[in-house]
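Trainee: Dropping the sequence and predicted coords here.
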Amino acid sequence: MKKSVLLLFLFILGLQVFAQLRFIERYEVASGLNDPLFEMINSELGLISFRTLPEKGLNLKRNFQYFISDSSLNSADGLIEFPVKEGYDMLGYDTDKNHLFVLFTKGSAMNSAKYVFQVDLETKQGLEFIVDNVLNMELVEFLVQDQKAIFMGTTDRRPVLQVHDLLSKSVHTFQGIYGNDTQILQIRKMPETQSLGIVLSRKGAHRSRDILINTYDMIGNVIQEVKVDQFGDRGQEIMDGILLSTGNYQEAMIGAFGLERRNTYQGMYIMDINEFGEFDFKLYTLEDFPNFYNYLNEKSKAKKDAELQKELDREKIPAINSVFSIRTVQQTPAAYYVYFDQYTVNTGRSRFQNGMYSPMGYRYDRWNRMGIPTINDPYLANRFPMTGNYQTVPEYRYVSAHFAKVAKTGLVLWDNAISYNDLVTGFPEAFGEVAVVGEDMYHMFVENQAIKLSFFRNGEKIFENLEFEPKLINENERIRDTNQESLRLIHWYDRYYLLSGTQRIRYLNEAGTDQSREAYFLTKIVVDGDMYQPEQLPD
């Protein structure tokens, strides 16, 4: 009898766990298990998925394919194709208004021939623009705003940024960027003012680094310069950051700070910038985040909290010895929701030289533009040339994820954390995907084909790292194989996520014969923390 009750309980519990994450819609494109993946980018017309696919046979021809999905993953026009010039492949992309722009390159050399392909997403017409008058550079970023293509990269180990007008063919180089000991940390398009916001890091006096937050017009002239040459106490520096608009021509930059020369993190900063370029800081240390060690078990957390209190009693700023990197910021009119990852980097060398992997590396918007900057990215060699910079592939050991809600007045409203259980990967960018829905926050990621979900309500951790197996919508079909390296999870909107990749599906045809098909898929996932009802085992 007890065994029957236990089995019934486990069955009911399984239904409750499953209900918090449901696979509700799916779209497939016939594709080999190891074929190139589709990149994705959001637009006002829907979700755009696109890739280049080699033609069969012994040639260098490729076809550009794309399809547009609505919020239910329906695609009215299905797959649309354009031929690609022989020997060319996709390097970068962006959207501007109702147009998709794709940068193609012939080879990976700095002086490779390039062209921009523009797709009118309403008329489905394509145009080609030759790019033959920009500097030879190792390309890092490609953007388009108002028919002007923006190329950012490095030449002679110095950053360079140029704007190429697709219509007039004119080229303008941005002022004050090309120089020694300078890094471009972020580019933000500002279509409302036809300008660009650019965050720069530059070596200053006494081995310190200055942060410049500049606004440029679209021909490269500086409209406004904000120089952050005084930050915190002596030795404290900005380690990373995300620049975002807060409305009314005001901005905020949020990230981690610490002692860069000691490679030690100390906490989070919020820098408010008004329309005149004036700024002020708010600094937050572990004293302001009482739940920082919530990713540990009870005994380990108590030990860490005691060590922290001793540091505070001695009026010392506690150190965060791992990399503490900001991942996303979502905002409401009154508050910021911030998400940090804590991880370590093992490169087999004392200091990693490539700026992409350093604490002050360029910040990519992998969901909206240049795709997934992973070691397995087929365009990695073009975007981030590796020759001479390092000999080993870096290994990232993820420790924990940290979340906080901070009022725009400065008060920390809540904070919390979950564990990654020392997950090891080669993935350098934001590992988890966060959704903020009212006072609920969801954090989700994929590990070894398992989806892991955590849920917070008003800052309270309701559950952590619940595991879910990917499912199909059609109950009469089964997943036979999944290309694990192809899986990609992103937050789409509201409480909805997208899981994509390639799979081999087993099914029965009309004659009842066992069949299989290979496909690239998009699956829409909904999360719902209200469905979580933890039960106690019966006595």
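Mentor: Yep, it's here. Residues are numbered from 1 along each chain as shown.
Trainee: contacts and neighbour counts: CA atoms only from here.
Mentor: Fine.
Trainee: For the chain, which segments are assigned as helices?
Mentor: All helices of the chain, identified by DSSP state H, fall at 2-19, 298-313, 380-383.
Trainee: residue ranges with poor pLDDT in the stretch 251-400 of the chain?
Mentor: Where the stretch 251-400 of the chain drops to pLDDT under 70, the residues are 348-360, 365-393.
Trainee: quick one, strands of it?
Mentor: Assigned by DSSP state E, counting those that start in this stretch, the strands in the stretch 251-400 of the chain fall at 264-273, 279-285, 323-331, 335-346, 395-407.
Trainee: Y115: what's it in contact with?
Mentor: L103, F104, T105, E128, F129, I130, V131 (CA atoms under 8 Å, 6 or more residues apart in numbering).
Trainee: same check, this time on F279
Mentor: F279 sits in contact with M271, D272, I273, where contact means CA under 8 Å, 6+ apart.
Trainee: What distance do you get for it to A334?
Mentor: Per CA to CA, to the nearest Å, F279 is found 19 Å from A334.
Trainee: now V144
Mentor: On the measure of CA to CA, V144 and A334 end up 32 Å apart.
Trainee: Look at those two and report which has more neighbours.
Mentor: V144 (23 against 9; other CA atoms under 10 Å).
Trainee: Pipe the strands of the stretch 251-400 of the chain into JSON lines and attach distance to P83 per row.
Mentor: Formatted as JSON lines, the strands of the stretch 251-400 of the chain follow (distance: least, CA to CA, whole Å):
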{"stretch": "strand 264-273", "distance to P83": "46"}
{"stretch": "strand 279-285", "distance to P83": "50"}
{"stretch": "strand 323-331", "distance to P83": "37"}
{"stretch": "strand 335-346", "distance to P83": "41"}
{"stretch": "strand 395-407", "distance to P83": "38"}
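Trainee: re earlier: closest to V119 among the contacts of F279?
Mentor: I273 (36.8 Å; CA to CA).
Trainee: Verify the contact between the closest one and Y249 for me.
Mentor: No: using CA atoms under 8 Å, I273 makes no contact with Y249, being 9.1 Å away.
Trainee: neighbour-wise, which of those two wins?
Mentor: A direct count of neighbours by other CA under 10 Å for I273 and Y249 places I273 higher, at 20 against 13.
Trainee: separation between the nearest residue to that one once chain neighbours are set aside and M253?
Mentor: Once flanking residues are discounted, I273 sits nearest to F279: 4.4 Å by CA to CA, 6 or more residues apart in numbering. Per CA to CA, F279 is found 10 Å from M253.
Trainee: can you list residues touching both of these two?
Mentor: The contact lists of F279 and M253 share M271, D272, where a contact means CA under 8 Å, 6+ apart.
Trainee: Quick check: bridge partners of the residue lying closest to S72 once chain neighbours are set aside?
Mentor: With CA to CA, 6+ apart as the criterion, S72 has its nearest non-adjacent residue at 6.6 Å, and that residue is E25. Here E25 sits in beta bridges with K524, going by DSSP bridges.
Trainee: Please work out how many residues are found near E25.
Mentor: 18.
Trainee: Looks like it contacts I525 (just checking).
Mentor: Yes: E25 is within contact range of I525, at 7.4 Å (criterion: CA under 8 Å).
Trainee: From the contacts of F279, pick the one nearest S195.
Mentor: I273 (16.8 Å).
Trainee: Pull the contacting residues for the residue lying closest to P290 once chain neighbours are set aside.
Mentor: Nearest residue to P290, sequence neighbours excluded (CA to CA, 6+ apart): D415, at 7.4 Å. By CA under 8 Å, 6+ apart, the residues touching D415 are F289, P290, N291, F292, H402, F403, A404, K405, G459.
Trainee: quick one: which of these is most hemmed in?
Mentor: Busiest of the contacts of D415 [other CA under 10 Å] is F403, holding 26 neighbours.
Trainee: tell me the contacts of that one?
Mentor: Neighbours of F403 in contact, by CA under 8 Å, 6+ apart: Y337, V338, Y339, F340, D415, N416, A417.
Trainee: how about low-confidence regions in the stretch 101-250 of the chain?
Mentor: Using pLDDT under 70, the flagged stretches of the stretch 101-250 of the chain are 205-207.
Trainee: give me the number of residues near R314?
Mentor: By other CA under 10 Å, neighbour count at R314 equals 8.
Trainee: now the one 5 residues further on
Mentor: The burial count assigned to A319 is 16, neighbours taken as other CA under 10 Å.
Trainee: Assess the claim that it and T264 are in contact.
Mentor: Yes: using CA under 8 Å, A319 makes contact with T264 at a distance of 6.4 Å.
Trainee: joint contacts of the two?
Mentor: Common neighbours of A319 and T264 (CA under 8 Å, 6+ apart) do not exist.
Trainee: Tell me if I'm right that T52 and G92 touch.
Mentor: No: with contacts counted by CA under 8 Å, T52 stays clear of G92, the gap being 11.9 Å.
Trainee: Next one: G410 relative to S72, how far apart?
Mentor: G410 is 39 Å from S72, by CA to CA.
Trainee: So what's the residue count around the closest residue to N448 other than its chain neighbours?
Mentor: Taking CA to CA, 6+ apart, and ignoring the residues beside it in sequence, N448 has Q484 as its nearest neighbour in space, at 7.0 Å. Per other CA under 10 Å, the neighbour tally for Q484 reads 15.
Trainee: Local confidence estimate at Q484?
Mentor: Q484 carries a pLDDT value of 91.
Trainee: Report the separation between it and L499.
Mentor: Counting by CA to CA - Q484 and L499 are separated by 12 Å.
Trainee: ok so, going back, how about the residue nearest to S72, what does it touch?
Mentor: S72, L73, I473, T523, K524, I525.
Trainee: Measure how buried the nearest residue to K61 once chain neighbours are set aside is and give me the count.
Mentor: In space, and not counting its chain neighbours, K61 is closest to E86: 4.8 Å by CA to CA, 6+ apart. For E86, the neighbour count with other CA under 10 Å is 12.
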